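> Just to be clear, the model below is a prediction. Sequence and coordinates:
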Amino acid sequence: MFKSIVCSVLAASLVNAGTIPLGKLADIAKIGTQEDVIPYLGGAGPYFSFPGDYGISRDLPEGCEMKQLQMVGRHGERYPTYSKAKTIKKTWYKLSNYTRQFNGSLTFLNDDYEFFITDDNDLEMETTFANTDDVLNPYTGEMDAKRHAREFLQQYGYMVENKTSFPIFAASSERVHDTAQYFIDGLGDSFNISLQTVSEAMSAGANTLSAGNACPGWDEDANDDILDEYDTTYLNDIANRLNKENKGLNLTSDDANTLFAWCAYELNARGYSDVCDIFTKDELVRYSYGQDLTSFYQDGPGYDMIKSVGANLFNATLKLLKQSETEDLKVWLSFTHDTDILNYLTTIGIIDDKNNLTAEYVPFMGNTFHKSWYVPQGARVYTEKFQCTNDTYVRYVVNDAVVPLETCSTGPGFSCEINDFYDYAEKRVAGTDFLKVCNVSSVSNVTELTFYWDWNTTHYNATLLKQ
Ligand SMILES: Cc1ncc(C[n+]2csc(CCOP(=O)(O)OP(=O)(O)O)c2C)c(N)n1
């Protein structure tokens, strides 16, 4: 209410001051024109479908019947976290304190540029119709989740036609919870969904959708010796270029690095970002690979403990698959964070673990791991279990594309025959030990993931966290 009064007062004063922007409106000119940049932003930017879909049809193979559907999704487009906002603001203060005219790719700052974070209460949160910087922004997390719900109904609506009451699970981060709620809103009022908010506090231990948050054994710096080798002179080049064009500006390579995140989050908040136009295409490729490397060695196959972390959720999804005949519920929808999805995909074996990424150069041959392809904002990983005549199969759909298991894809639609799948899965989880490698017992005595089975009696309603 207060906000809308302030807005109308502001609007009125703009009218009186005669500053209504006439003619050239940046949003009209730019919204929708920067989609090429999004895949290079390490998953911080808006949702896009997995580009390498191999041409496999997403449709249920002919003559088959879906038996169970699971989905693990990331929350949608958001504002920066507190820590990322701090670094972005540091760069913004340098720019906003510059007293001369800007030249080159920073020229947009001469016009009436408004910094995209206008309210610190938005930090850590989804971008929404209410808090977006621009009414035309097509990339709000709210819209993404609602659209996802409609796409879910279009693709799999037959699975919920006769079962309109069911639970949806969300980790207790506020943005994750909000995404689940927008998804529920998008399903429409024919449904009676109970939103189960499962704690992602450390004390939740194994009963969580965010094993990474219950993992004191995880060490962010474990593979820094590898990551430090990556050549980051492209960041110095960016800073030097901007400083040369703008005498007296003292941007550092850290500022240059921050500008990529600024570009991504401004797209989420505003729908376009002049900051994205600062970079050359080569610089975008170098930044993007840096993001791939970091997540490969912190949350992917490059860090040996990750298979164990992802096993906490993967084991639960396997149990659900095995119970598909006896469990009343056929659809299991859950929302969590990007790192948790990367951990899960690592255990499944969907991220290539046969070629460790090199930090010595950008490997164009044989590198299939592009972080943004797997976990853009709003990422969604579906597990399909379907029966065709007498045989049953499993396959994964990542961000709208069927992504077959490398060594098990001879079934219809490049799926994996169910017994072969269980053998495959057993090998994947052999030797993993989430509780041990994460040292869970130091923060929690909860040793099992139970919420998929006891939600109806427990009713999960964890306190929301901004993390
Ligand atoms: C296995 C593991 N344990 C702990 C961490 C620490 N950690 C960093 S970010 C994060 C949660 C995800 O937050 P964010 O990167 O903001 O992802 P988003 O909410 O945008 O999906 C956790 C648990 C980690 N990355 N990986």
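Arrived safely. Numbers count the residues shown, from 1 in each chain.
> Mind checking which residue lies nearest the centre of this structure?
Compute the mean C-alpha point of the chain, and by Cα atoms, centre = their mean the closest residue is Gln377, 3.5 Å away.
> which element is it on?
Counting by DSSP states H and E, no helix or strand carries Gln377.
> Number the residues from 527 up from this point.
Let's use 527 as the start, then, which means that last one is Gln903.
> ok, now which ones touch the nearest residue in space to it that is not next to it in sequence?
Nearest non-adjacent residue to Gln903, counting by Cβ to Cβ, 6 or more residues apart in numbering: Glu603, 4.3 Å away. In short, each C-beta sits where N, CA and C put it, glycine included. Contact partners of Glu603, counting by Cβ atoms under 8 Å, 6 or more residues apart in numbering, are Gly571, Pro572, Tyr573, Glu652, Thr653, Tyr665, Thr666, Gly667, Asp670, Asn794, Gln903, Gly904.
> same thing with Asp803?
Contacts of Asp803 by Cβ under 8 Å, 6+ apart are Gln560, Ser631.
> And Thr784, by the same measure?
Thr613, Ile614, Lys616, Thr617.
> Quick check: the gap between it and the ligand.
As judged by Cβ to the nearest ligand atom, to the nearest Å, Thr784 and the ligand stand 16 Å apart.
> How is that residue classified with respect to secondary structure?
Under DSSP: H, G, I helix; E, B strand; the rest coil, Thr784 falls in the helix class.
> Just the pLDDT at it, thanks.
Thr784 carries a pLDDT value of 98.
> Please apply the same query to Asp579.
With respect to pLDDT, Asp579 has a value of 85.
> wait, what's in contact with it?
Per Cβ under 8 Å, 6+ apart, neighbours of Asp579: Asp926, Ala927, Val928.
> Now do the contacts for the second one.
Shown in contact with Ala927 (Cβ under 8 Å, 6+ apart): Ser575, Phe576, Gly578, Asp579, Tyr580, Ile582, Arg584.
> which one of those residues sits closest to Met597?
The closest of those to Met597 turns out to be Arg584 (Cβ to Cβ; 13.7 Å).
> any idea how far the closest one is from Arg812?
According to Cβ to Cβ, to the nearest Å, Arg584 stands 33 Å off from Arg812.
> which one of the two has more residues nearby?
Arg812 (21 against 14; other Cβ atoms under 10 Å).
> so what's the more buried one closest to, chain neighbours aside?
Arg812 sits nearest to Tyr760 (Cβ to Cβ, 6+ apart), 4.4 Å away.
> pretty sure that neighbour is touching Val811, no?
No: checked against Cβ atoms under 8 Å, the pair Tyr760 and Val811 is beyond contact range at 9.1 Å.
> who has more neighbours, these two?
Set Tyr760 next to Val811 and count neighbours by other Cβ under 10 Å: Tyr760 wins out with 20 against 15.
> Now do the SS call for the more buried one.
With three-state DSSP as the criterion, Tyr760 reads helix.
> Next up, the contacts around it.
Asp808, Glu809, Arg812, Tyr813.
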